[in-house]
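Asker: quick one: sequence and predicted model below, then my questions.
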Amino acid sequence: MALVETRHLSKTFKKGQFSAVNDVNLATAEGEFLVILGPSGSGKTTLLRMIAGLEEPSAGDVLIGGRVVTELAPRQRRVAMVFQSYALYPHLSVYQNIAFPLRAQGVARREQRPKVEWAAGLLGIGQLLERKPRELSGGERQRVALARAIVREPSVFLLDEPLSNLDAKLRTAAREELSSFHRRVGTTTIYVTHDQVEAMAMGDRVVVLDQGMVRQIGSPREVYDEPADTFVATFLGSPPMNLIENDGFLVGIRPEHLLPAGFVPAPAVRFRFRVTRVEYLGADRVLHGVLEGSRWKETKVAARLSSTMRDDHPVDSVHEFAVSEPHLLFFERGTGRRATPRVLSWQ
Amino acid sequence: MSAQARRTRLGVAMFAPAVVYIAAVIGVPLAMAFLYSVGDVKVGSVSYHFVGLENFRSVLQSPTFRRALLNSFVFTVGSQLLVIACANALALALKDRFHGRGAVRFLILLPWVAPISLGAIAWKWILDSLYSVINWVLVAVHLASPFDTPMWLGEPALAMLSVILVHSWRLLPFSTVILLAGLSAIPKDIPEAAAVDGAGFWRTHFSITLPMMAPITTVAVLFGVVFTFTDMTVVYILTRGGPYDTTQVVPSLAFFTGVLGSDLSEGAAISLFLVPILVAVAWVMLRMAQRAEIA
């Protein structure tokens, strides 16, 4: 049974304006880690807030455990949410923060302590219980927010960009921790982020959202290797996928597949590539440049080369680059939708 | 003259107007009050004899004064409780957007910006023994007999209630604005987190919102206490302290004794009883301000 389901869920904030969320149909599997990924303003947080019951949908329904909960208040939905700001109660100690959902549900006082200690232990914050939120670091606050969410063993976890307030190093560690935490407790989780690395690293499945509409739902591998349209293709990946116009189609090439011709096995498509800028990123180098030849109208492209490739590509030099044909992706030019692979003339 | 000395002179010159102003408007009257309270000054007489604590002794022995002191506390505590409860409700109602919110906010602010004498005179008519509209309504809905209507300003308990109500009506906008500011300062996430955590309206309000607003509520209460404890306008216009001094408060008694009763020394002694209370309030306020700076 799908644990959380949305049916034709839509939200319009002002009449006559475009929808923040537009006809979204989703269903999570039991115990799944579902990531909602989209740029800012794509409606991902609004979607999450509608599932939590903090925002009233303009149309459509939310189902939790097979029951329509659209009309229910947040507290009747048995969901737990971690906010981007963590929203800890500043006047309460860590212990009282974690115990608050239990108090709100009328759990007897003597039953609260073991549960709070269990949740705090799970997140390794047992020694912080007497502190106030303002005395905690960003990472500790995030754990308190998670402990507060887990303490009453909710059926669903909703996480709204919980890592965006952490610094880069802490974020990587917290990402791993969140993943292993999810494996341990196994609670169905919906996780909202704009960070594709988080989405790829943590998600069982990724929902790509743009302007309130679902562009694609699939495993991280599917959305990266088999993007449904040009939005998904260019939103995921850094630098984004190169799109080259050819015969009424847009042909997509991942920068890591555009390589010096000598490294590419046949059958391959060849280009003359003029380097305009080199970004040295340590493990990789990104070559920005243009395709030479009147046919390509100086189309801008990027190539991503591993630093182990000892090849010299100074600015303004021209090289023979190639893409292996199975790595070409085809999109219809008008709609941007994915098209079946086909043979085009490249000369 | 050295640059250092010139800077010092300039500093003194810039600072002096404030010192002169405070000294003239607050310092001199306060010093005069202390001086009068230990003398025998009367309106219309220029002599001054030191009489020690005689005035304080006589004031403390007067049942009117003791009644006024008690009334001052009843008046202050009663109106503050009422104001804080109502201001909380109003602030909650005015926090969310709705059609006509601007108009409602303006109307609620009116009692504060209108001159208190005008408002109090209107209330005097509303509570009048013969022409009271409240009584007219009570009679019309058969809650009161037309031959025995409540004497709002003529019966001791009702008179105190009326004075408290009118003063609360006047202070309400001020407290509402302060509490509204406190309420708006709470990040939206926090009540939302409480809602998801399973808290209903009352639990969210009493466990989360009110404690988070505690510092700003204290500020509203302290200002309210100062405004109420030192105020005599409402009492003066509505009841003149009557009936039989049952609504007399310390500032109004000081005014009646010292100015209308010509006994400046005793009036000064009465008004000096306000000082320890106001000093205590000021001390708490400064403590709060300091805490806010540290936090």
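Answerer: All right, it came through fine.
Asker: now the residue sitting nearest the centre point of chain B: closest residue in space, sequence neighbours ignored.
Answerer: Nearest residue to the geometric centre of chain B (Cα atoms, centre = their mean): residue B:228, 1.8 Å. In this structure, residue B:228 finds its nearest non-sequential neighbour in residue B:76, 4.5 Å apart by Cβ to Cβ, 6 or more residues apart in numbering or on different chains. All C-beta spots, glycine's among them, are computed from the backbone N, C-alpha and C.
Asker: what does residue A:42 give?
Answerer: Ranked by Cβ to Cβ, 6+ apart and with sequence neighbours excluded, the top spatial neighbour of residue A:42 is residue A:209, at 4.6 Å.
Asker: is that neighbour located within a strand, as I assumed?
Answerer: Yes: assessed with DSSP: H, G, I helix; E, B strand; the rest coil, residue A:209 lies in a strand.
Asker: gap between it and residue A:338?
Answerer: Distance, residue A:209 to residue A:338, by Cβ to Cβ, to the nearest Å: 18 Å.
Asker: which one's more surrounded, those two?
Answerer: Counting neighbours by other Cβ atoms under 10 Å in any protein chain shown for residue A:209 and for residue A:338 shows that residue A:209 has the greater number, 28 against 19.
Asker: residues in contact with the more buried one?
Answerer: A:24, A:36-38, A:42-44, A:47, A:215 (Cβ atoms under 8 Å, 6 or more residues apart in numbering or on different chains).
Asker: looking at these, spot the one nearest chain B.
Answerer: The closest of the contacts of residue A:209 to chain B turns out to be residue A:47 (Cβ to the nearest Cβ; 15.3 Å).
Asker: which of the helices or strands spans the closest one?
Answerer: Using DSSP states H and E, residue A:47 sits within helix A:44-52.
Asker: what packs against that helix?
Answerer: strand A:4-11, strand A:21-27, strand A:33-37, strand A:79-82, strand A:156-160, strand A:188-193 (3 or more Cβ pairs under 8 Å, 6 or more residues apart in numbering or on different chains; DSSP states H and E).
Asker: that one versus strand A:21-27: what angle between them?
Answerer: With axes from the mean of the first three to the mean of the last three Cα atoms, to 10 degrees applied, the angle from helix A:44-52 to strand A:21-27 works out at 60 degrees.
Asker: quick check: mean pLDDT of helix A:44-52?
Answerer: Regarding helix A:44-52, the rounded mean pLDDT is 92.
Asker: how far off centre is the helix or strand following it?
Answerer: Sequence-wise, the next helix or strand downstream of helix A:44-52 (DSSP H and E) is strand A:59-64. Centre-to-centre, strand A:59-64 and its host chain are 22 Å apart (Cα atoms, centre = their mean, to the nearest Å).
Asker: which residues are in contact with residue 111?
Answerer: Just going to use chain A. Going by Cβ under 8 Å, 6+ apart, residue A:111 touches residue A:102.
Asker: looking at chain B here, not the other one
Answerer: By Cβ under 8 Å, 6+ apart, residue B:111 lies in contact with B:119, B:169-170, B:172-173.
Asker: assign a three-state SS to residue A:323, would you?
Answerer: Classification of residue A:323 by three-state DSSP places it in strand.
Asker: just the pLDDT at it, thanks.
Answerer: pLDDT at residue A:323 comes out at 92.
Asker: in the sheet, who's paired with it?
Answerer: Beta-bridge partners recorded for residue A:323 (DSSP bridges): residue A:269.
Asker: shouldn't it be in contact with residue A:253?
Answerer: Yes: counting by Cβ atoms under 8 Å, residue A:323 does reach residue A:253; the two are 5.1 Å apart.
Asker: could you find the closest non-adjacent residue to residue B:125?
Answerer: residue B:131 (6.3 Å).
Asker: gap between the residue nearest to the centre of chain B and residue B:163?
Answerer: Distance of residue B:228 to residue B:163, given as Cβ to Cβ: 11 Å.
Asker: likewise residue B:65?
Answerer: Distance from residue B:65 to residue B:163, by Cβ to Cβ: 18 Å.
Asker: quick one, which of these two is more surrounded?
Answerer: Applying other Cβ under 10 Å to residue B:65 and residue B:163 shows that residue B:163 carries more neighbours, namely 29 against 22.
Asker: over to the more buried one: give its phi and psi.
Answerer: Dihedral pair for residue B:163: phi -60, psi -40, per degrees, to the nearest 10.
Asker: ok, now which ones touch it?
Answerer: Counting by Cβ under 8 Å, 6+ apart, residue B:163 has contacts B:75, B:234-235, B:238-239, B:247.
Asker: ok, now residue A:119?
Answerer: A:98, A:147-148, A:150-151.
Asker: of the contacts of residue B:163, which is the nearest to chain A?
Answerer: Out of the contacts of residue B:163, the member with the shortest distance to chain A (by Cβ to the nearest Cβ) is residue B:75, at 31.8 Å.
Asker: residues near residue A:263, how many?
Answerer: 14.
Asker: in this structure it contacts residue A:310, no?
Answerer: No: applying Cβ under 8 Å as the test, residue A:263 and residue A:310 come out as separate, 11.8 Å apart.
Asker: domains in chain A, by residue range?
Answerer: What automatic domain parsing lists as the domains of chain A is A:4-225, A:240-339.
Asker: so which of these gets nearest residue B:49?
Answerer: domain A:4-225 (57.8 Å; Cβ to Cβ).
Asker: where's residue A:171, which helix or strand?
Answerer: helix A:168-185.
Asker: the inter-axis angle of that helix versus strand A:33-37?
Answerer: 140 degrees.
Asker: and helix A:168-185, what does it pack against?
Answerer: Under the contact rule (3+ Cβ pairs under 8 Å, 6+ apart), helix A:168-185 is packed against helix A:109-122, helix A:138-150, helix A:196-202.
Asker: give me the mean pLDDT for it.
Answerer: 85.
Asker: again, but for stretch B:240-253
Answerer: Mean predicted confidence for stretch B:240-253 is 83.
Asker: what comes up buried for that stretch?
Answerer: Neighbour-count burial for stretch B:240-253 flags B:241, B:245-253 (criterion: 16 or more other Cβ atoms under 10 Å in any protein chain shown).
Asker: what of stretch A:242-258?
Answerer: Those would be A:242-244, A:246, A:249-258, for stretch A:242-258 by 16+ other Cβ under 10 Å.
Asker: do stretch B:260-278 as well
Answerer: By 16+ other Cβ under 10 Å, the buried positions in stretch B:260-278 come out as B:263-274, B:277.
Asker: and the least confident of those?
Answerer: For these, the pLDDT minimum is residue B:263, 80.
Asker: ok, that one touching residue B:40?
Answerer: No: with contacts counted by Cβ under 8 Å, residue B:263 stays clear of residue B:40, the gap being 9.1 Å.
Asker: could I have the worst-scoring helix or strand of chain A on mean pLDDT exported to CSV, CA atoms only?
Answerer: Least confident helix or strand, chain A: helix A:168-185 with a mean of 85, by mean pLDDT, DSSP states H and E. Extracted as CSV, the C-alpha positions of helix A:168-185 are listed here (Å, rounded to 0.1, in the frame of the first residue of the first chain):
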residue,chain,number,x,y,z
ALA,A,168,29.8,22.2,3.4
LYS,A,169,31.9,19.7,5.4
LEU,A,170,29.2,19.2,8.0
ARG,A,171,26.6,18.7,5.2
THR,A,172,28.4,15.7,3.8
ALA,A,173,28.7,14.1,7.2
ALA,A,174,25.1,14.9,8.0
ARG,A,175,24.0,13.4,4.7
GLU,A,176,25.6,10.1,5.5
GLU,A,177,24.2,10.2,9.0
LEU,A,178,20.7,10.9,7.7
SER,A,179,20.9,8.0,5.3
SER,A,180,22.1,5.5,7.9
PHE,A,181,19.5,6.9,10.3
HIS,A,182,16.8,6.2,7.7
ARG,A,183,18.1,2.6,7.1
ARG,A,184,18.0,2.0,10.9
VAL,A,185,14.5,3.3,11.6
